Each structure stands twice: as structure tokens, then as C-alpha cells.
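A.B. asks: Dropping the sequence and predicted coords here.
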Amino acid sequence: MSIALVLRALGIGELLTAVPALRALRRGGLNVVLAAPAELKDLALLSGAVEGLLPAYGLDELPWQGRRPDLAVNMHGRGPRSHRLLMDMRPRRLWAFANPAVPRLRGPRWHEHEHEVQRWCRLVKWYGSRVDPEDLAIPVPNGPNPAPGAVLIHPGAKGAARRWPPERFAEVAKVMVAEGLQVAVTGSRRERPMALLVAAQAKLPPRSVLAGRTSLRELCALVAGARLVICGDTGVAHLATAYGTPSVVIFGPESPARWGPPADRPWHQAVARGGDARAVTVNDVVSAGRKVMSVPVP
């Protein structure tokens, strides 16, 4: 079977927004190997969109040991550095967006404000693949869920500008508890101190803090079985989309037009105020949460 090496050495959200395009490659009869951080391996394989993962971090040299790829696909960006990194692998074909710095590469034009799902679907469609941008769902992993039916509060995000203040997450948690809902606080090991702060301010019991205590597969199970996910513009928002779990996603400075959940799914709500996450109020989030929980999910 022909091998397709796909470069997308980024995070959870970037992986999940590329799932429809990756599946299109597999349906085309390709053995898809994803170049991405090693910690995403379980999620990548769970998605069924790839058959293997090559550990890669940013635009570091790729440790490729296999035979020459039949196809390389740049889903990391518009190049030129990422284009050249794949060209160094000497693939028989390279699919990528056009860039004036690599004039011999023919590809579609890059649209700066395009939604990430549409961007990569358009790339593979331009080269002849049949792709479904709605094909975002991923399977639920086997295993126990430590907080089924809970409202998940996920206060962490990659950049400080994307983080909503912890005290506001705590206020939202208080409202959810007052309305009779179970609340759990999620996050990575690095984000555990922030999660503990949110729980303390919301007067939640310590056992409700799951940050730093779950693997990526366990986090998938948590999101899949949650009543509601409340988070910033981060990978967990895309997990909620993948599982059809009602979600409220607080945006800033990035626009939901590029990274938000599908606009035609009313059980997901993107909340944004002028590109500043801190301009979003507690009432904005609580109101959105009540709204999405009232919408039947197909």
C-alpha cells in the first residue's frame, strides 16, 4: 500500500480539525502516517484517521526511517519551511498550499481567515480526494469514566491571552452546582495548580479536580460522557465537537470563525466579545451553558 506522510506536528485541536482530511486520504487507499507529537499517538490511532504516528515536534527534523514516502502532505502550515522539511524526505509527490518561496510547487492558494477544518479539506480536495468536512466524530475509548454526566470545567489553554480568569470559571462552577449538577475540573499535570485554584474558589471537593490525573484516552471518555464542557479555545473544545457533547467555548484573541465548533450545531456555543477573552462575562457563559444543555443532540 502507498504511504502518505502527513506533517501536522501541533496539538490536540490541530489534530482533530484535520481528521476529515486525513480520513479522505485513507479512503483513497493510502497508509497514512502522521508526523505529530508522541503524546498524541493514542488519540490519533483512536480517530481511525491514521495507521501510525511519527514523533515530531514543530519543525524539527523528522526521524523517518521507512522507505521513501509515496506522498507527503503538509498540514502544518503554508510553508515555506514546512514545505522544505517534507521535500527533504524526497517524496514522490507533495501536496501543499502554494508559496512564492517554493515556486515549483503547484497547489491551492492559502486563505488566512479560513476555518481550519475547511482549510485542510480544501487542500486534499484540490488534489482530487473526496472529503466530508462534517466527518469529525471519533470513537469513545473503552474504559471507566470517573465523572459520568458531569459539567467539565477546563480552565487551561496554551497561551495566556486565551485563558479566561480562574475566578470566573469558579463562579460558573458555583452556579452549576447550585443548579444540581456535578462539576469536575480537568486539565494537564502542568495545569493542575490552576484547576485546584478554581475548585477551591468554587468550594468543590478535592476529588472533583481531575487535572493531572487522567490520560488522554481517559480525558476522551470524560468529554464523551459529560453533560457539558466549558473551556477556552483549546483542544478540549474540539473533543467536545468530536463527541457531540454540549459545549461553551470562550474565544479570544482567535476568532471562532477559524477555530470554533460547527456553526450549524446548536449544542455547541462559541462566546466571543471583540477578540478579548476577558471581555466575556460569567453571565455570558452561564446563559450559553443553559442554552446548549436545552438543545437535543442527535
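C.D. replies: Good, I have the coordinates.
A.B. asks: Name the residues that touch the helix or strand harbouring Lys291?
C.D. replies: Using DSSP states H and E, Lys291 maps to helix 282-293. Helix 282-293 is contacted by residues 151, 168, 171-172, 175-176, 227-228, 230, 246-248, 250, 266-269, 271, 273 when judged by CB atoms under 8 Å, 6 or more residues apart in numbering. The C-beta positions use only the backbone N, C-alpha and C, and glycine is treated the same way.
A.B. asks: Check stretch 118-137 too.
C.D. replies: Defining contact as CB under 8 Å, 6+ apart, one finds that stretch 118-137 is touched by 16-21, 23-25, 27-28, 73, 75, 95-97, 107-108, 111, 114, 117, 241-244, 262.
A.B. asks: Drop anything exposed from the residues you listed.
C.D. replies: With neighbours counted by 16 or more other CB atoms under 10 Å, the contacts of stretch 118-137 contain buried members at 16-21, 23-25, 28, 73, 75, 95-97, 107-108, 117, 241-243.
A.B. asks: Which of the residues you listed fall in helices?
C.D. replies: 16-17, 19-21, 23-25, 117, 241-243 (DSSP state H).
A.B. asks: could I get these as TSV with pLDDT and distance to Val185?
C.D. replies: Shown next, in TSV, are these (pLDDT from 0 to 100; distance: CB to CB, whole Å):
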residue	pLDDT	distance to Val185
Leu16	98	22
Thr17	98	25
Val19	98	27
Pro20	98	31
Ala21	98	33
Arg23	98	33
Ala24	98	36
Leu25	97	37
Val117	98	28
Thr241	98	20
Ala242	98	21
Tyr243	97	19
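A.B. asks: Farthest-apart pair in the residues you listed, please.
C.D. replies: Greatest spacing in these, by CB to CB: Leu25 and Tyr243 (22.9 Å).
A.B. asks: Isn't Ala199 up against Val185?
C.D. replies: Yes - using CB atoms under 8 Å, Ala199 makes contact with Val185 at a distance of 5.2 Å.
A.B. asks: anything in contact with each of the two?
C.D. replies: Contact criterion CB under 8 Å, 6+ apart; residues shared by Ala199 and Val185: 173, 208-209.
A.B. asks: Which one of those is nearest to Val297?
C.D. replies: Closest approach between these and Val297, by CB to CB: Ala173, at 22.4 Å.
A.B. asks: Could I get the full set of strands for the stretch 151-298 of the chain?
C.D. replies: 151-154, 183-185, 228-232, 247-251, 268-272 (DSSP state E, counting those that start in this stretch).
A.B. asks: Dump these to a markdown table, plus mean neighbour count.
C.D. replies: Below are the strands of the stretch 151-298 of the chain laid out as a markdown table (neighbours: other CB atoms under 10 Å):
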| stretch | mean neighbour count |
| --- | --- |
| strand 151-154 | 28 |
| strand 183-185 | 26 |
| strand 228-232 | 27 |
| strand 247-251 | 28 |
| strand 268-272 | 22 |
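A.B. asks: Specify the stretch among those that is closest to Arg217.
C.D. replies: The closest of these to Arg217 is strand 151-154. By CB to CB, the value is 15.5 Å.
A.B. asks: ok now the closest one, how far from the chain's centre?
C.D. replies: Distance of strand 151-154 from its chain centroid, counting by CA atoms, centre = their mean, to the nearest Å, is 16 Å.
A.B. asks: What is it packed up against?
C.D. replies: Contact partners of strand 151-154 among helices and strands, from 3 or more CB pairs under 8 Å, 6 or more residues apart in numbering; DSSP states H and E: helix 166-178, strand 183-185, strand 228-232.
A.B. asks: Tabulate the ones you listed (JSON lines), appending distance to Leu7.
C.D. replies: Shown next, in JSON lines, are the helices and strands packed on strand 151-154 (distance: least, CB to CB, whole Å):
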{"stretch": "helix 166-178", "distance to Leu7": "34"}
{"stretch": "strand 183-185", "distance to Leu7": "34"}
{"stretch": "strand 228-232", "distance to Leu7": "26"}
